[in-house]
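Asker: coords please:
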Amino acid sequence: MDFDWTSEQLELRARAREVAAGGVAKYGRHNDSWMNGYSKDFAKEMAENGWIGMTWPTAFGGGGQPAINRLIVGEEMIAAGAPIASMWFADRQMGPSLITYGTADQQAEFLPPMLSGEVTWCIGMSEPDSGSDLASLTTTAVRDGDHFVVNGQKIWTSFAADADYCYLICRTTSDGPPHRGISEVIVPMDTPGIEIRRIKDMTTNEHFCEVFFTDARVPVESLVGVEGAAFKQTMTQLEHERGGIDRLVSNKALFDMAVERADTTEAKVRQEIAQLEIGYRLGRILVTRETLRQAPKGFSAATKCFCTEHEQRVADFVARTFGADALLWDDVTQGLAYGPGYTIMGGTSNIMRNILGERVLGLPREPRN
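Answerer: Below is the predicted model:
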């Protein structure tokens, strides 16, 4: 097998690097830019280059390009710190979900604004007492005539305060096992009965939000897929979320800054840099396997676990390299403060290891008392 990039892919990478640098020059460098770099103007630049929905089928307005091309563009954007957050969730998850499970009317209404970078989507998934255990969620959507009435609370909902739509994971029935009765519903964020509270984390970022639903009414046509049978749909979403390049290079810009500053006359420093570079190469191989769908089903849990723990090792290296300067509040310090969150967001490392053991390796579950 030839592992070299094609000439077209090298050109794409060079173009993406150029656009990313331009985005940083105009809008600033953002740590973890797929979460914290919010700019609709830059999203429209991405759209003009055909980099939103670039792997979606052409029949739905997408680019029909190989998945590896999206990986190339995404890596260059995130590694540079270009602000792609306003379009990232729609491109990564919402669009593909609607293409697979949505109705023709939903596809016609929601896909074009995604492709143009005009709208922002958030994902209503985690709850105060339901984080990695999705099946335990309690937010309900109860049918009332031709509407669903939504009640409940979501938390850690990135960009809920800025989003136009929420792709809500909710419970439409409590009958049967916990994973049954889960549905996916599109909720416009200006719907009456929705209250949004921003959460300022220790990095001073405010993309996380609490979202409260109190008798919020949405048409039944907002249902995506089969009512009460969306657990597998959501698991497919999480495969995209956990195995992507965003889980490897979130703090790559800080790493590059630290390498320039590091005392490479020291053998131990050179050795650590080499180890981290190897980590990037291994992580890229894992992500590429996910991208090309060559990994076993459920293996994205292992990919996320390795990549996010690598990002924490990178953060440790950056902190030691900058020394006392890392304690001064600037963009480096802000990025380092984000480090502990890498292995929590999208499912904790412990949960990822459980998924890997049970669903990939087939290990027996420990019996519960």
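Asker: alpha carbons only for contacts and neighbour counts from here, please
Answerer: Noted.
Asker: helices or strands next to the helix or strand containing residue 274 in the packing?
Answerer: Assessed by DSSP states H and E, residue 274 sits inside helix 267-291. Under the contact criterion of 3 or more C-alpha pairs under 8 Å, 6 or more residues apart in numbering; DSSP states H and E, helix 267-291 touches helix 67-80, helix 300-322.
Asker: What I need now is those helices written out in TSV, including mean neighbour count for each item.
Answerer: Shown next, in TSV, are these (neighbours: other C-alpha atoms under 10 Å):
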stretch	mean neighbour count
helix 67-80	22
helix 300-322	22
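Asker: and the helix holding residue 274, what's its mean pLDDT?
Answerer: Across helix 267-291, pLDDT averages out at 94.
Asker: again with stretch 68-77
Answerer: Rounded mean pLDDT across stretch 68-77 is 95.
Asker: Need the residues that contact it.
Answerer: Contact partners of stretch 68-77, identified using C-alpha atoms under 8 Å, 6 or more residues apart in numbering, comprise 9, 12-13, 16-17, 20, 51, 54-55, 83-84, 244-246, 249, 288, 291-292.
Asker: give me that answer again for 7 Å
Answerer: 9, 13, 16, 17, 20, 54, 55, 245, 249, 291 (C-alpha atoms under 7 Å, 6 or more residues apart in numbering).
Asker: how far does it sit from the chain's center?
Answerer: 14 Å (C-alpha atoms, centre = their mean, to the nearest Å).
Asker: would you put the C-alpha positions of it in CSV?
Answerer: C-alpha atoms of stretch 68-77 as CSV (Å, rounded to 0.1, in the frame of the first residue of the first chain):
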residue,chain,number,x,y,z
ILE,A,68,-9.4,11.8,3.8
ASN,A,69,-9.7,15.2,2.3
ARG,A,70,-11.8,16.5,5.1
LEU,A,71,-9.2,15.1,7.5
ILE,A,72,-6.5,17.1,5.8
VAL,A,73,-8.5,20.4,5.9
GLY,A,74,-9.6,19.8,9.5
GLU,A,75,-6.1,19.1,10.7
GLU,A,76,-4.7,22.3,9.1
MET,A,77,-7.5,24.4,10.5
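Asker: quick one, strands of the stretch 101-250 of the chain?
Answerer: 121-124, 140-144, 147-154, 165-171, 182-188, 194-198, 209-219, 223-224 (DSSP state E, counting those that start in this stretch).
Asker: Generate a markdown table for those strands, with mean pLDDT and distance to residue 90 as supplementary columns.
Answerer: Below are the strands of the stretch 101-250 of the chain laid out as a markdown table (pLDDT from 0 to 100; distance: least, C-alpha to C-alpha, whole Å):
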| stretch | mean pLDDT | distance to residue 90 |
| --- | --- | --- |
| strand 121-124 | 95 | 6 |
| strand 140-144 | 96 | 22 |
| strand 147-154 | 97 | 19 |
| strand 165-171 | 96 | 10 |
| strand 182-188 | 96 | 12 |
| strand 194-198 | 97 | 20 |
| strand 209-219 | 98 | 18 |
| strand 223-224 | 96 | 15 |
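Asker: Now render those as TSV, adding mean neighbour count and distance to residue 333.
Answerer: Listed next are the strands of the stretch 101-250 of the chain as TSV, based on neighbours: other C-alpha atoms under 10 Å; distance: least, C-alpha to C-alpha, whole Å:
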stretch	mean neighbour count	distance to residue 333
strand 121-124	26	27
strand 140-144	19	40
strand 147-154	22	29
strand 165-171	24	31
strand 182-188	24	36
strand 194-198	17	22
strand 209-219	19	22
strand 223-224	22	41
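Asker: quick one: which of these is nearest residue 304?
Answerer: The closest approach between residue 304 and any of the strands of the stretch 101-250 of the chain, judged by C-alpha to C-alpha, belongs to strand 121-124 at 18.8 Å.
Asker: what pairs with that closest one, and is each one parallel or antiparallel?
Answerer: strand 165-171 (parallel) (DSSP bridges).
Asker: what's next to the partner strand, contact-wise?
Answerer: Contacts for strand 165-171 (C-alpha under 7 Å, 6+ apart): 120-125, 138-141, 181-189.
Asker: swap in stretch 38-52?
Answerer: By C-alpha under 7 Å, 6+ apart, stretch 38-52 touches 23, 63, 83, 84, 85, 86, 87, 91, 115, 116, 117, 118.
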